[in-house]
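Engineer: build me a model:
(chains A and B)
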Amino acid sequence: MDSLQKVVDFCIRHQTILGCSIVSLLTAAGEHVFSSVVFQCPCNSKNMLYGCAFLLAPAFVLLVLSFMVNPRTWRLLTGKCSLEKDDQCCPWGFRACFCQALLPMTAKASVAPLTWIAVALLGANFYECAASGSSVIQSYYCKDNGTVCLNLLLQVPCDEKLSAKISSERLSLHAQSQLIGWLLIASIITGVLISTCVRRCCSPVSYLQLKFYEIYTEKENEIFEIKAKDHATKLAERNADCFFGIIDPAEFCAPKKDDWHKISTIFTINAKEKYYSTLHRHVSNKR
Amino acid sequence: MDRLHKVVKFFIHHQTILSCSVVSLMTIASEQIFSSVVFKCPCNSWNMVYGCAFLLVPAFILLVLGIMVNARIWRLCTGKCSSEKDDQCCPRGFCACCCQVVLPMTAKALVAPLTWIVVALFGANFYECAASGDIRIQRSFCKDNGTICRNLLLKVPCDEKLSAKISSEWLGLHAQSQLIGWFLIACIMTVALISTCVRHCCSPVSYLQLRFWKIYSKKEQELFENKAKEHANKLAERNTNCFFEPTDPAAFHTPSNKDWQKISALYTFNSQEQYYIMIHKFVNTNRGNSAKFKEEGQNVAVLEFVDEDQSSVSEL
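Structural biologist: This next block holds a predicted model:
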């Protein structure tokens, strides 16, 4: 059991890397399945629409799903349009909200869709189909704009030998797709490095304090869930016992709506305050 | 169960070598997958761009990932541009910092990309494609500079028989690639040996003290993480209890921002006062309040492990 515990600990420590690797492998597998089983380029004037649908629609679906599974989205949105003007959710105004909340959230949600697009470009089938119907690519390959050449180009995704005929001097659609895929991956990785550097450099607290903040946030979420279940159990028991006449209703102290509102706002650690969460701030201000 | 325990202990004891081997095997596997499934040399004037993209872009990605998982760079960076001027992180200026921290860290991050390049050169497909489009290779194969010869050379990655025709007197592109691969491995191993020798020779402490230091550093990080989790647990319990129950929060002491900053600084060695880690120095100098805390030391290459995160990879 001890050894199993060590293996589990190892997995938890490296969970980010393992998670990213698993997501990449699943995306690659999904792309391979779609490419070989589901995708069949029509090889006519609808190539561009078909290819783009397979390339972009799964990316859009992944983007929406990523937003929906991020709890920060709901923390930001819940109660925003309610009638009360007491707008604590985003007290620093719309622009600050956008930079500090929406931008990081969108960046995090973009990981899965961009992975899909990069893997699909390296696989090259979807791009080959979409590009063979694009007018820009058509003018690149068919200098004379002749209909014979244009029709041949539309058939390229369905016939490998045609590809060699048309693109003997020019970069083939397959190679173009893969070069664009590599360029996309390199740009994303560089962007991630630069944005992480900027975020870390502009961090209001030091390295170890930031690590402690992450540990504390995780612990607080766990303990909050346990205490909330405890509290809910006690309240439910008291109400049910009362209903069935077992006991008289005792006084039960529960947090007020204002208290819940105060601890539901988005928190960012800063150098001036000594707090690690909205709950910590609220409780300390009670003293 | 006992045997399983022994196997796990063996893996933990030799984890560096095993993790290097696992990384190499994964690199070989991905190179095979790329080579056979994804890579298709265009066999025209775009050979060089295509081949170089497959050879160098994965190496670049691995380099960036290697930099991002190194905790030392984040220890240096975090909070640097924040408004407080109390700059303990790199008191000797930007240039010195760059040479003593960023360069060694980049050298360490080069391991994975060089492994990829070596494996890709042994596979030879990427180099063959890139080199067949390179002007210098074309000149050495096609003495007469004829276009027929050049066009044939561009087709070589797509046709194995052509390779024998063109390079009957010269080293084929496939063989060139593998020789370059061996040469690269030999150079890397030589440089690694020389740099390790120099680092250990310039070590200010003896062998056994260095071993103790590494053991202490690892234990300190583990214990610090456990204590931090305990502290976070107590604080979280106090806060949630206070929220759900009508009690006043008890006083809870937590280290101040300045204390955290003092122990987050990069470690420097001082031969007068021997501290094994910044928190050791902090505790021994009256929580960083005595003048001794501000005494500057030197960045020593062999003591880089002190600031590295030996337990987790949490920077991503």
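
Engineer: okay, now the unreliable bits of chain A?
Structural biologist: The model of chain A has pLDDT under 70 over residues A:1-3, A:83-99, A:145, A:167, A:287.

Engineer: show me how the record splits it into domains.
Structural biologist: A:1-73+A:90-202, A:205-286 (the TED database).

Engineer: switch those domains over to CSV; also include mean neighbour count.
Structural biologist: All C-beta atoms are positioned from the backbone trio N, CA, C, and that covers glycine. CSV is the format used below for the domains of chain A (neighbours: other Cβ atoms under 10 Å in any protein chain shown):
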stretch, mean neighbour count
domain A:1-73+A:90-202, 16
domain A:205-286, 15
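
Engineer: turn the ones you listed into a markdown table, columns for distance to chain B.
Structural biologist: Below are the domains of chain A laid out as a markdown table (distance: least, Cβ to the nearest Cβ, whole Å):
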| stretch | distance to chain B |
| --- | --- |
| domain A:1-73+A:90-202 | 4 |
| domain A:205-286 | 4 |
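
Engineer: looking at those domains, which is nearest to B:Arg72?
Structural biologist: When the domains of chain A are compared by Cβ to Cβ, domain A:205-286 sits nearest B:Arg72, at 9.8 Å.

Engineer: flag every residue of the stretch 201-316 of chain B that's near chain A.
Structural biologist: B:225, B:228-229, B:231-233, B:235-246, B:248-249, B:254, B:256-257, B:260-261, B:263-264, B:311-316 (Cβ under 8 Å from any Cβ of the partner chain).

Engineer: show only the entries of these found in helices.
Structural biologist: Using DSSP state H, the members of these that fall within helices are B:225, B:228-229, B:231-233, B:235-244, B:257, B:260-261, B:263-264.

Engineer: please check the residues you listed and keep the buried ones.
Structural biologist: Burial by neighbour count, judged by 16 or more other Cβ atoms under 10 Å in any protein chain shown, picks out B:225, B:228, B:231-233, B:235-240, B:242-244, B:257, B:260-261, B:263-264 from those.

Engineer: show the end-to-end separation of stretch A:257-270, please.
Structural biologist: Separation of the first and last residues of stretch A:257-270 by Cα to Cα, to the nearest Å is 26 Å.

Engineer: what residues does A:Ser277 make contact with?
Structural biologist: Residues near A:Ser277 by Cβ atoms under 8 Å, 6 or more residues apart in numbering or on different chains: A:216-217, A:220, A:267, B:239.

Engineer: reformat the residues you listed as a markdown table; add distance to A:Ala120.
Structural biologist: Converted to a markdown table, the contacts of A:Ser277 look like this (distance: Cβ to Cβ, whole Å):
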| residue | distance to A:Ala120 |
| --- | --- |
| A:Tyr216 | 40 |
| A:Thr217 | 35 |
| A:Glu220 | 39 |
| A:Phe267 | 37 |
| B:Asn239 | 46 |
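
Engineer: out of those residues, which comes closest to B:Leu62?
Structural biologist: The nearest member of these to B:Leu62, counting by Cβ to Cβ, is A:Thr217 at 30.5 Å.

Engineer: so residue 43: helix, strand or coil?
Structural biologist: Picked chain A for this. Classification of A:Cys43 using DSSP: H, G, I helix; E, B strand; the rest coil returns coil.

Engineer: meant chain B actually
Structural biologist: coil.

Engineer: can you pull out the helices in the stretch 151-300 of chain B?
Structural biologist: For the stretch 151-300 of chain B, applying DSSP state H, counting those that start in this stretch gives helices covering B:160-166, B:173-201, B:207-244, B:257-264, B:278-284.

Engineer: run the angle between the third one and helix B:257-264 for me.
Structural biologist: For helix B:207-244 and helix B:257-264, the angle between their directions (axes from the mean of the first three to the mean of the last three Cα atoms, to 10 degrees) works out to 150 degrees.

Engineer: what helices and strands are in contact with the one helix or strand B:Ser21 maps to?
Structural biologist: Using DSSP states H and E, B:Ser21 sits in helix B:15-33. Packing partners of helix B:15-33 (3 or more Cβ pairs under 8 Å, 6 or more residues apart in numbering or on different chains; DSSP states H and E): helix B:111-123.

Engineer: can you give me how far the helix it packs on is from the chain middle?
Structural biologist: Relative to its chain's centre, helix B:111-123 lies at 15 Å (Cα atoms, centre = their mean, to the nearest Å).

Engineer: just checking, what packs against the helix or strand just after that helix?
Structural biologist: Using DSSP H and E, the next helix or strand after helix B:111-123 towards the C-terminus is helix B:125-131. When contacts are defined as 3+ Cβ pairs under 8 Å, 6+ apart, helix B:125-131 sits against helix B:47-68, helix B:111-123, helix B:173-201.

Engineer: cutoff 10 Å now
Structural biologist: Counting contacts by 3 or more Cβ pairs under 10 Å, 6 or more residues apart in numbering or on different chains; DSSP states H and E, helix B:125-131 packs against helix B:47-68, helix B:111-123, helix B:135-141, helix B:173-201.

Engineer: ok, the residue lying closest to A:Glu128 once chain neighbours are set aside - contacts?
Structural biologist: Distances taken as Cβ to Cβ, 6 or more residues apart in numbering or on different chains put A:Leu173 closest to A:Glu128, at 4.4 Å, once the chain neighbours are dropped. Shown in contact with A:Leu173 (Cβ atoms under 10 Å, 6 or more residues apart in numbering or on different chains): A:124-125, A:127-132, A:134, A:137, A:141, A:153, A:156-157, A:163, A:166-167.

Engineer: and A:Leu173, how far from A:Asn125?
Structural biologist: Using Cβ to Cβ, to the nearest Å, A:Leu173 is found at 10 Å from A:Asn125.

Engineer: with A:Ser45 instead?
Structural biologist: For A:Ser45 relative to A:Asn125 (Cβ to Cβ), the value is 19 Å.

Engineer: look through chain A and tell me its longest helix.
Structural biologist: helix A:207-243.

Engineer: helix or strand: which one has the closest residue to B:Leu18 other than its chain neighbours?
Structural biologist: Nearest residue to B:Leu18, sequence neighbours excluded (Cβ to Cβ, 6+ apart): B:Phe11, at 6.0 Å. In the assignment (DSSP H and E), B:Phe11 maps to helix B:2-13.

Engineer: counting by contacts, list what that helix packs against.
Structural biologist: With contacts taken as 3+ Cβ pairs under 10 Å, 6+ apart, helix B:2-13 sits against helix A:2-13, helix B:15-33.

Engineer: list the buried ones in that helix?
Structural biologist: B:Val8.

Engineer: that older thread, most packed of the helices of the stretch 151-300 of chain B?
Structural biologist: Mean neighbours per residue, mean count of other Cβ atoms under 10 Å in any protein chain shown, is largest over these for helix B:257-264, with a mean of 21.

Engineer: next, the angle from that helix to helix A:207-243.
Structural biologist: Going by the same axes, to 10 degrees, helix B:257-264 makes 130 degrees with helix A:207-243.

Engineer: list the residues that contact A:Asn239.
Structural biologist: Listed by Cβ under 10 Å, 6+ apart, the contact set of A:Asn239 reads A:249, A:252.

Engineer: and it, how close does it get to A:Thr233?
Structural biologist: Using Cβ to Cβ, we find A:Asn239 at a distance of 11 Å from A:Thr233.

Engineer: check contacts around the closest residue to B:Val198 other than its chain neighbours.
Structural biologist: Of all residues not flanking B:Val198 in the chain, B:Ala301 sits nearest, at 7.9 Å (Cβ to Cβ, 6+ apart). Counting by Cβ under 10 Å, 6+ apart, B:Ala301 makes contact with B:100, B:103-104, B:107, B:195-196, B:198-200, B:202-203.

Engineer: could you rerun that using 8 Å?
Structural biologist: B:104, B:198-199, B:202.

Engineer: I appreciate the help and will end here.
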